[in-house]
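K.L.:
Return atomic coordinates for the entry below.
(4 chains, ligands or ions: 4)
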Amino acid sequence: MFETIILMLDATIRVATPLIFASLAGMFCERSGIVNIALEGKLLAAAFVGAATAHVTGSAWLGLLAGIGISVLLALLHGFATITHRGDHVVSGMAINILAAGLTVTLGRHWFHQGGQTPALSGDARFAPIQLPGAEAMADVPVIGLLYSELISGHSALVYLLIITVPLAWYVMFKTRFGLRLRAVGESPAAVDTAGISVVRMRYSAVIICGLLVGIGGVYLSVAQTAQFIPNMSAGKGYMALAALIFGKWRPFTALAACLLFGFLDAMAIRLQGVSIGDFAIPVQAIEAIPYVLTVFLLAGFIGKAIAPKAIGVPYTKERE
Amino acid sequence: MSQAQVPAWVSVALLPAINVFAAFLVSALLFMYIDISPIDAIKVMWTGAFGYAEGIGYTLYYTTGFIFTGLAVAIAFHAGLFNIGGEGQAYIGGLGVGLVCLTLGEFAPWYVVFPVAIVVGGLFGAAWAFIPAYLQAKRGSHIVITTIMFNFIAASLMAYLLVDILKPETTMATESRVFAASSWLPKMHEMLSWVGVSMSASPLNLSFIFALLCCLLLWLFIWHTRWGYEIRSVGSNPSAATYAGISYVKIVIIAMLISGMLAGFFGLNVLQGELHQIKLNFVEGFGFTGIAVALMGRNHPLGVLLASLLFGFLYQGGAELSFEYGVDRNIVVVLQGLVILFSGALEHMFKPSLERTYLKLFAKKASPSEGVA
Amino acid sequence: MIHAADFAIKLEKIDKRFGSVHANRSIDLAIPKGTIHGIIGENGAGKSTLMSIIYGFYHADSGSMQVHGQHYQPHNSQEAIKAGIGMVHQHFMLVDTFTVLENIVLGAEDGWKLEDSLSAARKKLKQLAKDYGLDVPLDAVVGELAVGLQQRVEILKALYRGAKILILDEPTGVLTPQEADHLFTILGKLREQGTTIMIITHKLREVLAITDNVSVMRQGAMVEHVVTAETNQEQLAELMVGRKVLLQVERGEAKPQAPLIEVSKLSYIDSAGVKRVKDISFNVRAGEIVGIAGVSGNGQSEILSLLSGIITPSSGSMTLNGHTIDAESHYNPRSIRSIGVGHIPEDRHKQGLINKFAAKEAYILGYHHLEQYNKGVLQDKQAIEQGCQQSMEKWDVRPADTSLKTANFSGGNQQKLVIAREMEQDPDILLVGQPTRGVDIGAIEYIHQQIIHSRDAGKAVLLVSVELDEIVNLADRIIVVFDGAIVGEVSAEQADEQTLGLMMANIVPEHIKNNRAGR
Amino acid sequence: AKPAVVYDTAGKFDKSFNEAVFRNGVEVFKKEKGVDVREFEPQNEAQREQGLRRLAGRGFSPIVAVGFNMASAVEKVAAEYPDTQFTIIDMVIDKPNVQSVVFKEHEGSFLVGALAAKVSKTNTVGFVGGMDIPLIRKFACGYEQGAVYANADTKVLQNMTGSTPAAFADPAKGSELAKSQFSQGADVIYAAAGGTGLGVYQAAKDAGKYAIGVDSNQNHLQPGTMLTSMVKKVGAVAYSTWEEGMDGTWQPGIKALGLKEDSVDWAQDEHNASLITPELKAYVDGIKADIISGKITVHDYMSDNTCNY
Ligand SMILES: Nc1ncnc2c1ncn2[C@@H]1O[C@H](COP(=O)(O)OP(=O)(O)OP(=O)(O)O)[C@@H](O)[C@H]1O
Ligand SMILES: Nc1ncnc2c1ncn2[C@@H]1O[C@H](COP(=O)(O)OP(=O)(O)OP(=O)(O)O)[C@@H](O)[C@H]1O
Ligand SMILES: [Mg+2]
Ligand SMILES: [Mg+2]
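P.N.:
Ligands and ions are numbered 1, 2, ... in the order given. Alright, predicted model coming up:
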């Protein structure tokens, strides 16, 4: 029993990792007042470019760079549309999602002739699980052994990267000048502008950070969690991350918790597939839907209240409409 | 305010045209990159979509779907609501239509089933929109997010129903049994043959007429009834609406119910009209594309109609493309993405330069009028 | 002839267009150091625009500026701040969810670490607060502060950035006499310290009270510069509007009849659980104007909302035109209108109008459901068009263009449109809130006359205003509220700024004690 | 005859049986007969029919429809074009102009099941299915029988990935399921899950355990840890359909193809040669012979929708 729990949690970490990167990314974007439903598309694009580059260069790290690169590009496109040209945030986001879905497969097929998949990655082209020192040895030590060898050890580098990313994100957001200005831009751009800070620059830097973080999440999908890109492999994780972000009330640690919760539910759903308690088969769909239902409950204010940044989604303009 | 000097058609017709053109231009590059001559491609798409009766049939068949989801988004927009839930509402609405066909359809003819399906489909769609609407109105939960969530919930629900309930033992595909043929909506070519015109078979069916009717009715509703007035008031200034005795809660819910209803009609075309059985994911993103349709159509029923036609063309033309060239179907998805990007998200990009050039060229006499103050 | 360098700021031929609107027409302006300079003008005269140009928020299309003799051409507010210019905007520029401290530090942080900036600022602000009597709770969340305090935060912001030139756009529009006076003493202190101050206002009384010089704008142009000591309200008013205006509307004796509004023990508790209105009782009779005076935020807004049906009472009851309404009865603004109540809202931007709508659409707001505007299920566009056209001419709304977007009418004309709409329905009861806020005196005169007329036409008028002289000018009886409760009532004769000021601070002078509200 | 094929919406590169049709059917046919085969990949439900109709309308025949998802579309279009020949794979449609081809996957699965049990050191083998439908349970059931036949006290862990077609393209889930089965002691896992299998094979590689491929020969995907693949020769079927079409021997009706017809089999190539000792090979081939000769009868789940053998 204890073992299965450990294994569940272990799976939870693997499943939650991309969600965490994505929702941290979303946090920076939305805190600056830019709605970001384009997380999905960026995850997908980064996953593709990451895997493709890793395959061609044989280096997972180059793959990571390339993946981040593309998702930053998409983020800039989002900024170009929403900040520079005051386009509708949601529409721009959708456009990017659809573009990513189409382009990844089209180019993938053109380059690799495998129906949009990239060839399987192996060796250095992939972020293999890292066995922490002594994991093997400790494996048989009762409780801690299992904890250490299964839960703590044996994840890919990107997972361990989270250990610094989350606190860092928190520090930047709440303890630095940059964070203060970022939050201000999301609440009242006019105030920031009159304070002599460039709203445009703030928001662009926000979307860039967003692209960077979500890029890591995307590469994780194709270069760490699995060993190749599969068409549409983001499969709604971007939206799930958005849900987690809101569930976490636009704060890093609570968002982290939400991601882990959602990840756990997912891990559970995977294992409960086709499983039936007695002769009553529990519909997995029910479990799969829990994160979304929970989020709705939260938004309904039944579980605390999630208040979005005030100026979110409103293009900033000096001219009166 | 500079618009004042530029005639309406520039921003209403010319600008969107330019945007779409830009989208095509960019995708042309992509086509060339994967060694397909864009010229041939567009030729194939055009003839495929409008060149022959069956093609037109398919184009209009897709158009019908977009009209429903596009109108759904548009009406919500007028109430200041962003309904991203079209996907889910269409899905659930389709369930309603399907259930009517599966039950009533067994013994009643289509002309009895159709009206009932309209009502039930509309109700189901509206019901699915109700909860997000209620939460927005009463508890201020952001409707964009709630509707996204409801899309996923709808997907899970439908998967469950199709897999565990509606799917007959015999089939393995996740789909319901086929409706009784008597309940199928008459196809356009059948109806035409009744009046002696012959047209080759296509999925285009009666619901197309119904869709056009919806455009007309919605236009009247929004700009020529007091309820439309109330919806637009709430959409542009809620507190003023409250002052005027217009109930925010009531209007938000009404607008979303109508929106959900329109999305719910989607199933008429696709299920009762063409597939004749409930299938997994039969909405296939039409709900999302509806947002782009509404945007390009400037939330005006006529605009929505035209935008739907464009997307119908993209779908059918794209199918034709992959049929003729065997090129990857996803390239069409890219094209759609670009259209949404340029005519949705970047709609204002060319506006200033366009207006400037227009004024340079034609409007020498138009001297700026004095301040209105 | 004063030397250029003695001017804190000097403008030459500043010109600015917004699309077709010529907001500023080659403006010349020179302001001596260490003076308070008033800028007055009608709505849309271009005052805010000019200030925004000086502050680097907008860019002039042409013209040049000098600050302390130096050539000055700001590309953004940052440069303006560097040049020692600070601005308090008409609509505050604050982050509601931030604390006062965070708001002040924003944009003027030293170092990338927040903690340092905040602690440093805390010290510096303590000092400033002492020097100018500008004390504000530094750790309070701005959104929860009263407007008066929020404005102080704005001023602190400017001073914290070392402003030597301070621009205030309609600073007293939202203040009460007390708050305004406090502001003026602060400004006085600032002037002593050598700060130069530019203040935009619609209130001539204030201009005369505190400024050294006044510049008058009309339709984007600078029409006159005068030394305050050598001018008077009438002259300024004439300069602004370009014609003579009566500042004191003369009104005859009121001939009150039966009460049309009877309020008894009315209370309202808001969603936050705060008791906004504390069982008040009063009445308004046909043919009289009852004014409600009080520091803004002391319940008068809620009283209007209660009477107009926007919110429902928690307890008590009110009788409007014979219909009794209490906490149980179901009613809303529409049903209230239907029993002959007209409501001119306090804030035309938020409530009275819909900026996107054409005048004719805004004109039926609240009455759109009446048969006169509908044919069966469809609207009667013709009837609406005609109705609006006639009223616009009758009420002299300029321009009388029924399809012009409401946003593009000037404040005053927007207000006239609202008043026309409400009065044209010829209600027996008229609820009037801040009828002339942000409206230039040309329009004020006209609006005041109309309110008097409807009184004489036998309507019961309830007037809520933070402008004391407005209340004193119009009301036959004045009820003073404090913290949601009625402090007392004074008749027009007894009313004077001083008495009312005291009562607004919840102090009831002896000679008032004996008369009682709601007789 | 003008041969044509309509793939499932999964696309012809699904690393699974659509791809098998493409590589071992279309490409081979083109090469050997020099006749072009018109292909179509529908991108939405409506286009399944559209594709068939267009092909039939243009006189293509025989038309191969790949996968059970095509059933309803074929049913309709076949009725509209009575003289066009249709062949549907993995589904039975009773029409005078439709040939229905189904495979005895249970027989092939029996072989690999037996092999798995023999190789397993933990007496625990795993099965990861794609979409939870009778067809996949048929694989599972045959596999289970084989494993038990080879070693009566073998434990067979079974998981399905999902209940919708998406379950055929979710490697992440696949590897999760594999990981959990490994942790429960399995050391050989048979994946009948299309693209999802790729995750299973990867997980096996990472864990240094064995995996068994499906449909086409997938041994090359992870050489060294791919024990074998249960090949299902859909390509050959498509090929013969077109061939029959050309020399007029095409017949409607039901074809049930198994080991006897050499339509299902276990894959042996250079990639798994090192893993298959002569004894193993002999053992498995022995069972194969017994099944063909009828000495061993393998229960077909779909015959009664149960796995009681
Ligand atoms: N951001 C803007 N966009 C477009 N037009 C504007 C803008 N700001 C001001 N205007 C125009 O410039 C003119 C001057 O506006 P401004 O706000 O300066 O007037 P004002 O004197 O401040 O009026 P008020 O006394 O009501 O504040 C107005 O008539 C308006 O039409
Ligand atoms: N978007 C706009 N475009 C053009 N002119 C505008 C616009 N918005 C306002 N104006 C003009 O700006 C001038 C002042 O507008 P403003 O909103 O300041 O009125 P106001 O009476 O000062 O309102 P407030 O009560 O906020 O002071 C008016 O002449 C109005 O016509
Ligand atoms: Mg102003
Ligand atoms: Mg103003």
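K.L.:
can you give me the offset of stretch A:113-132 from its chain's centre?
P.N.:
Here stretch A:113-132 shows a centroid-to-chain-centroid distance of 20 Å under the convention C-alpha atoms, centre = their mean, to the nearest Å.
K.L.:
Can it be said to contact chain B?
P.N.:
Yes: remark: stretch A:113-132 sits within contact range of chain B at A:Gly116, by C-beta under 8 Å from any C-beta of the partner chain. For glycine as for every other residue, the C-beta is placed from the backbone atoms N, C-alpha and C.
K.L.:
what ranges of the stretch 1-150 of chain D fall below the confidence cut-off?
P.N.:
Residues of the stretch 1-150 of chain D meeting the criterion pLDDT under 70: none.
K.L.:
end-to-end on stretch C:461-481?
P.N.:
Start-to-end span of stretch C:461-481 (C-alpha to C-alpha, to the nearest Å) is 17 Å.
K.L.:
first to last residue in stretch A:178-196, what's the distance?
P.N.:
End-to-end distance (C-alpha to C-alpha), stretch A:178-196: 14 Å.
K.L.:
got it, and stretch D:29-42?
P.N.:
Span of stretch D:29-42 from end to end, C-alpha to C-alpha: 22 Å.
K.L.:
And the residue of the stretch 301-450 of chain C closest to ligand 1?
P.N.:
Closest to ligand 1 within the stretch 301-450 of chain C is C:Gly411: 4.4 Å, counting by C-beta to the nearest ligand atom.
K.L.:
Could you report the neighbour count for that residue?
P.N.:
Per other C-beta atoms under 10 Å in any protein chain shown, the neighbour tally for C:Gly411 reads 20.
K.L.:
Check B:Gly96 too.
P.N.:
By other C-beta under 10 Å, the residues close to B:Gly96 number 27.
K.L.:
So in the chain, which helix runs the longest?
P.N.:
Picked chain A for this. As assigned by DSSP state H, the longest helix anywhere in chain A is helix A:2-31.
K.L.:
that's the other chain; I wanted chain C
P.N.:
Across chain C, the helix with the greatest residue count (assigned by DSSP H) is helix C:114-132.
K.L.:
Now it: buried residues?
P.N.:
Using 16 or more other C-beta atoms under 10 Å in any protein chain shown as the test for burial, helix C:114-132 gives C:114, C:117-118, C:121, C:125, C:128-129, C:132.
K.L.:
Which member of those residues is positioned nearest ligand 2?
P.N.:
C:Tyr132 (26.3 Å).
K.L.:
tell me the SS of the closest residue in space to B:Val178 that isn't next to it in sequence?
P.N.:
Spatially, and ignoring its direct neighbours in sequence, B:Val178 is nearest to B:Gln277 (4.7 Å; C-beta to C-beta, 6 or more residues apart in numbering or on different chains). Judged by DSSP: H, G, I helix; E, B strand; the rest coil, the three-state class of B:Gln277 is coil.
K.L.:
Going along the chain from the longest helix of chain A, find the next helix or strand for me.
P.N.:
Sequence order places helix A:39-57 as the next helix or strand after helix A:2-31, per DSSP states H and E.
K.L.:
and the angle from the helix or strand just after that next one to helix A:2-31?
P.N.:
Next along the chain after helix A:39-57, taking DSSP H and E as the criterion, comes helix A:60-79. Using axes from the mean of the first three to the mean of the last three C-alpha atoms, to 10 degrees, the direction of helix A:60-79 lies 40 degrees away from that of helix A:2-31.
K.L.:
Okay, angle between helix A:60-79 and helix A:39-57 too, please.
P.N.:
Using the same axes, to 10 degrees: helix A:60-79 against helix A:39-57 is 150 degrees.
K.L.:
Now do the buried residues in helix A:60-79.
P.N.:
A:60-64, A:66-72, A:74-79.
K.L.:
Which neighbouring elements make contact with it?
P.N.:
The helices and strands touching helix A:60-79, judged by 3 or more C-beta pairs under 8 Å, 6 or more residues apart in numbering or on different chains; DSSP states H and E, are helix A:39-57, helix A:89-112, helix A:199-219.
K.L.:
I would like the residues contacting the next helix or strand after the last one, please.
P.N.:
Sequence order places helix A:237-247 as the next helix or strand after helix A:199-219, per DSSP H and E. The set of residues that contact helix A:237-247 without belonging to it, under C-beta atoms under 8 Å, 6 or more residues apart in numbering or on different chains, is A:18-20, A:22-23, A:25-27, A:30, A:36-44, A:97, A:214, A:217, A:221, A:254-255, A:258-259, A:261-262, A:291-292, A:294-295, A:298-299, A:306, A:308, B:145, B:148-149, B:152.
K.L.:
Torsion angles phi and psi at C:Val466?
P.N.:
phi -90, psi -10 (degrees, to the nearest 10).
K.L.:
so it makes contact with C:Pro435?
P.N.:
No: using C-beta atoms under 8 Å, C:Val466 makes no contact with C:Pro435, being 11.5 Å away.
K.L.:
From the centroid of chain D, which residue is nearest?
P.N.:
Central residue of chain D (C-alpha atoms, centre = their mean): D:Asp215, 3.6 Å from the mean position.
K.L.:
Can you name the residues that contact the spatially closest residue to C:Gly143 that is not a sequence neighbour?
P.N.:
Here the nearest residue to C:Gly143 in space, its sequence neighbours aside, is C:Asp96; by C-beta to C-beta, 6+ apart that works out to 3.3 Å. Under the criterion of C-beta under 8 Å, 6+ apart, the contact list for C:Asp96 reads A:187-188, A:310, C:141-143.
K.L.:
ok, back up a step: which of the buried residues of helix C:114-132 lies closest to chain A?
P.N.:
C:Leu114 (5.5 Å; C-beta to the nearest C-beta).
K.L.:
you'd agree that closest one is up against A:Lys175?
P.N.:
Yes: using C-beta under 8 Å, C:Leu114 is in contact with A:Lys175, at 5.5 Å.
K.L.:
how close does the residue nearest to B:Val178 sit to B:Ser343?
P.N.:
35 Å (C-beta to C-beta, to the nearest Å).
K.L.:
thinking again about what came up before, quick check: which of the helices and strands packed on helix A:60-79 is buried the most?
P.N.:
Greatest average neighbour count among the helices and strands packed on helix A:60-79 goes to helix A:39-57 (a mean of 29), per mean count of other C-beta atoms under 10 Å in any protein chain shown.
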